[in-house]
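J.: I'd like to go over a predicted model; first the sequence, then the structure.
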Amino acid sequence: MKVHFLGIGGSGASAAAALAKAQGFEITGCDLEPNNEFTTQFKSSHLLKGHSPKHLNVHPGGGHSNIDILAITPAITSLDPNNPELLEAKKLGIPVLTWQQFTGEYLTKDKFVIAVCGTHGKTTTTAMIAQMLEDANLDPTVLLGAIHPKWKTNYRTGESKYFVVEADEFNDNFLHFKPNITVVTNIEMDHPEYFKDINAYLGSFEKFLLQSKQTIAANLLDKNVAEIVKDVMKHSSVSALDFNKIEVEFNLKIPGEYNISNAKAAFQVGLLLGIDPEIIRNSLNNYNGVGRRFEYLGEYHGAKVYSDFGHHPTEIKKTMEAAREKFPNQKIWFFYQPHMFSRTKALFSDFVKVFKNLPVEGIVILDIYPSREIDIGLVSSQELVKAIGKNNVYFAKELKRQEFEQYAKPGDILFFMGAGDIDKMARGLVNPQD
């Protein structure tokens, strides 16, 4: 079958396309900028720039396209509903699936699926489980939302029955998976651009957990998780385990109490699969992290530069507390790019509270990264800075490379955070050619 991925440059769609290719599908894909760190495994002839009906290989005589499935990134339907490729596919009767839908229907077929869901910690926990299965010689297939330094990709192709997937709640994307084992890290309101309120958000998680086939490994210390699991157990025969009851002394290479929780979740999965506890513990203690999760990039004028994908108030708070714990005596300069107007507006008071108490020397807040939204004047970074009202919190429209010299002193920490393109700014400090 021939599958065309609309939005192949995304962290998830690119992994799905690569796994599809490994399973024997013929793959093409397009994006506004298709060549990035997620698409290096594809031949240049497979990557098409921009969007055009021609990408569907319509025959000049007006015959049917030779593409069997158009797999799209979910944001297309809301951000670009008149996308020419999307309209052409509908006109030609080509099945249109989100890449998550395609993954659930085709790539996980006949696999033992281990899905990791939750508001925070999905990527790290998924990567921990993947590494643990690797170290136990269980040869998993993995779909991850970040670059794994060992694989240098955001996916892994395996020959065994195990398929480990990071299951995202946005757009109800995870409802396309029916996991054998489901991991729930935590649940806290997010994605207000899609979920109208916390009840809708919780309802989506409950639907997903009801699709579990065997076991739910959950953080039952989290009130929202505990309530949902309790409701699920009334209507399901699956078993539910509290991974917090795992009593193991970890010596992790990555900082933060929240990563102890992630490691416990992974440990619980290992026990469920019958892996030797010592192999599990050694694997987790040797886990080095993944791209854009407290990632050390290098130095700029003697200052250490870090990049992180966090974009929720809780993630900012926990990550910077971990940074202060790791660097108790260094000056930490924090650069943050808010992600999406709807999230910034909905969680505005939480952002203000977190930034007022952040354990850093100074904070620079950049313009909001719109992602799949349009700026209609809902909220601005200037308003956020004003509401925080501290003299060490600044707004910057943009920062040129040389402007960072005022912050970069030997031994200092420059910490960049956000789910937008702020990562490019951080990498550009360390490697100017980037």
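T.: Everything's here; your move.

J.: pLDDT value on residue 372, please?
T.: At residue 372, the pLDDT value in this model is 82.

J.: so which strand or helix has it?
T.: For residue 372, there is no host helix or strand (DSSP states H and E).

J.: let's number from 56 now, not from 1
T.: Got it, first residue is 56 now, which makes that one residue 427.

J.: right, and it touches residue 136 too?
T.: No. Assessed by C-beta atoms under 8 Å, residue 427 is found out of contact with residue 136, at 11.6 Å. The way it works is simple: take the backbone N, C-alpha and C, and place the C-beta from them, glycine included.

J.: got the contact list for residue 324?
T.: When contacts are counted by C-beta atoms under 8 Å, 6 or more residues apart in numbering, residue 324 touches 169, 184, 187, 236, 238, 272.

J.: how about those residues in JSON lines, adding distance to residue 453, neighbour count and secondary structure?
T.: Putting the contacts of residue 324 into JSON lines (distance: C-beta to C-beta, whole Å; neighbours: other C-beta atoms under 10 Å; DSSP: H, G, I helix; E, B strand; the rest coil) gives the following:
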{"residue": "169", "distance to residue 453": "42", "neighbour count": "28", "secondary structure": "strand"}
{"residue": "184", "distance to residue 453": "39", "neighbour count": "32", "secondary structure": "helix"}
{"residue": "187", "distance to residue 453": "42", "neighbour count": "26", "secondary structure": "helix"}
{"residue": "236", "distance to residue 453": "45", "neighbour count": "24", "secondary structure": "strand"}
{"residue": "238", "distance to residue 453": "39", "neighbour count": "28", "secondary structure": "strand"}
{"residue": "272", "distance to residue 453": "43", "neighbour count": "29", "secondary structure": "strand"}
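
J.: buried residues in the helix or strand bottoming out on mean pLDDT in the chain?
T.: Counting by mean pLDDT, DSSP states H and E, the weakest-scoring helix or strand in the chain turns out to be helix 130-134, with a mean of 81. Within helix 130-134, the residues that qualify as buried are 130-131, counting by 16 or more other C-beta atoms under 10 Å.

J.: check stretch 99-111 too.
T.: Result for stretch 99-111 [16+ other C-beta under 10 Å]: buried residues 101-103, 106, 108, 110-111.

J.: again with stretch 296-314
T.: 296-299, 301, 307, 309-311, 313-314.

J.: how far does it sit from its chain's centre?
T.: In terms of C-alpha atoms, centre = their mean, to the nearest Å, the gap separating the centre of stretch 296-314 from the centre of its chain is 21 Å.

J.: and for stretch 133-145?
T.: 25 Å.

J.: which one's the longest helix in the protein?
T.: helix 312-327 (DSSP state H).

J.: so for that one, mean pLDDT?
T.: In the prediction, helix 312-327 has an average pLDDT of 97.

J.: next SSE after it?
T.: Next along the chain after helix 312-327, taking DSSP H and E as the criterion, comes helix 332-340.

J.: tell me the angle that following helix makes with helix 312-327.
T.: 150 degrees (axes from the mean of the first three to the mean of the last three C-alpha atoms, to 10 degrees).

J.: need the contact list for the nearest residue to residue 81 once chain neighbours are set aside.
T.: Leaving aside its sequence neighbours, residue 81 sits nearest to residue 57 (C-beta to C-beta, 6 or more residues apart in numbering; 4.3 Å). By C-beta under 8 Å, 6+ apart, the contact set of residue 57 is 80-83, 121-124.

J.: now those residues: which count as buried?
T.: The buried subset of the contacts of residue 57 (16+ other C-beta under 10 Å) comprises 80, 82-83, 122, 124.

J.: in TSV: the residues you listed, plus distance to residue 163.
T.: TSV is the format used below for those (distance: C-beta to C-beta, whole Å):
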residue	distance to residue 163
80	14
82	17
83	22
122	22
124	15
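
J.: closest one to residue 95 out of those, please.
T.: residue 82 (14.3 Å; C-beta to C-beta).

J.: which ones are touching the closest one?
T.: Residue 82 touches 57-60, 72, 75-76, 97, 101, counting by C-beta under 8 Å, 6+ apart.

J.: of those, grab the buried ones for ChimeraX.
T.: Only the buried members of the contacts of residue 82 end up in this ChimeraX selection, burial being decided by 16+ other C-beta under 10 Å:
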select :58,59,60,72,75,76,97,101
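
J.: alright, calling it a day.
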